[in-house]
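A.B. asks: Using only what follows, build the 3D model:
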Amino acid sequence: MPGLIKYDLLQICCGVKGGFVAVYLVFIAVLSMVNDIGSIVSYMFVFVSAMFGIASFNYEETYHWDRYTAVLPVNIRQLVLARYGSIGICIAAGVVSSIVLGAISFASQNTGFDFSQWTMSFLFSLLGAMLYMELLVPIMYRFGPEKGRIIMLVLFMAFFAGLGAFGALVENAALEQLAVLDISMKYIIAGSVIAVLALLPVSVGISVSIRAKKEF
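C.D. replies: This is a model prediction of the structure:
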């Protein structure tokens, strides 16, 4: 299974061009030093990284990977778990990048959020990235990269718009409103974490079932 994850990650790095991502991160880091927009983009990058992980499905079709996996000494569940693992690593890389970019924003004192607001937005971005993975992986297995790509883009825009709206709400809320939100938000975050974690094995099970029906 580690070999399958390594293969996915190599394909993703080649596809998204690691150099492009590096330039993008440097650009956001510089933007964070001169503008508060950088702090908003920083916590959202963890969500963008999930989209990079989903891109591994495109290479599976391009290089007819299914034909090779059909003769590998691994079962369907291992194949599916490897895909979740590679996407999870992409999200983890996004978490590290987001924290570094956020730290640069706060160090330059050029952020539109205080630390608690940024942390709250970051947590919801992370939960959004995990939920995006849990929804998209079964969809990509069911419809394939070609049709699934359209659904992926629609969900990406919806999630991204939702995160932006949430960030704006947190940023523009009055101090007394934040005091009320601080109490209720703890329950919202806790409930969201439980829901996202509970959905993960369900997503894996559905993906395994769909992938098994497409076995060669």
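A.B. asks: Okay, now the unreliable bits of the protein?
C.D. replies: The chain contains residues with pLDDT under 70 at 15-20, 35-40, 61-71, 110-113, 160, 162-185, 215-216.
A.B. asks: those helices in it, which residues are they?
C.D. replies: In the chain, the helices defined using DSSP state H lie at 2-16, 18-34, 37-54, 56-62, 65-69, 76-107, 115-172, 175-213.
A.B. asks: and among the ones you listed, the most buried is which?
C.D. replies: Of all these, helix 37-54 carries the top mean neighbour count, a mean of 24, counting by mean count of other CB atoms under 10 Å. Quick note: C-beta positions are derived from backbone N, CA and C, even for glycine.
A.B. asks: which helices and strands sit right next to that helix?
C.D. replies: helix 2-16, helix 18-34, helix 76-107, helix 115-172 (3 or more CB pairs under 8 Å, 6 or more residues apart in numbering; DSSP states H and E).
A.B. asks: Need the residue closest to the centroid of the chain.
C.D. replies: Ala50 (2.7 Å; CA atoms, centre = their mean).
A.B. asks: Quick check: phi and psi on Asn75?
C.D. replies: phi -100, psi 180 (degrees, to the nearest 10).
A.B. asks: hang on, I meant Val74
C.D. replies: The phi/psi pair for Val74 (degrees, to the nearest 10) is phi -130, psi 150.
A.B. asks: does it really touch Met1, like I thought?
C.D. replies: Yes - contact criterion CB atoms under 8 Å: Val74 and Met1 qualify, at 6.7 Å.
A.B. asks: got any residues that touch both of those two?
C.D. replies: Common neighbours of Val74 and Met1, using CB atoms under 8 Å, 6 or more residues apart in numbering, are Ala82.
A.B. asks: From Ser49, how far out is Tyr24?
C.D. replies: For Tyr24, the distance to Ser49 (CB to CB, to the nearest Å) stands at 11 Å.
A.B. asks: before we move on, the earlier item: between the helices and strands packed on helix 37-54, which one is closest to Tyr59.
C.D. replies: Closest approach to Tyr59 among those (CB to CB): helix 2-16, 4.1 Å.
A.B. asks: List of residues touching the closest one?
C.D. replies: Taking CB under 8 Å, 6+ apart as the rule, helix 2-16 contacts 52-53, 55-56, 58-59, 63, 69, 74, 78-79, 82-83, 85-86, 89-90.
A.B. asks: from the chain's centre, how far out does it sit?
C.D. replies: Between the centre of helix 2-16 and the centre of its chain there are 16 Å (CA atoms, centre = their mean, to the nearest Å).
A.B. asks: Who are the contact partners of the closest residue to Leu25 other than its chain neighbours?
C.D. replies: Excluding its sequence neighbours, the residue lying closest to Leu25 (CB to CB, 6 or more residues apart in numbering) is Ser97, at 6.0 Å. Contact analysis of Ser97 by CB under 8 Å, 6+ apart lists Leu25, Phe45, Val46, Ser49.
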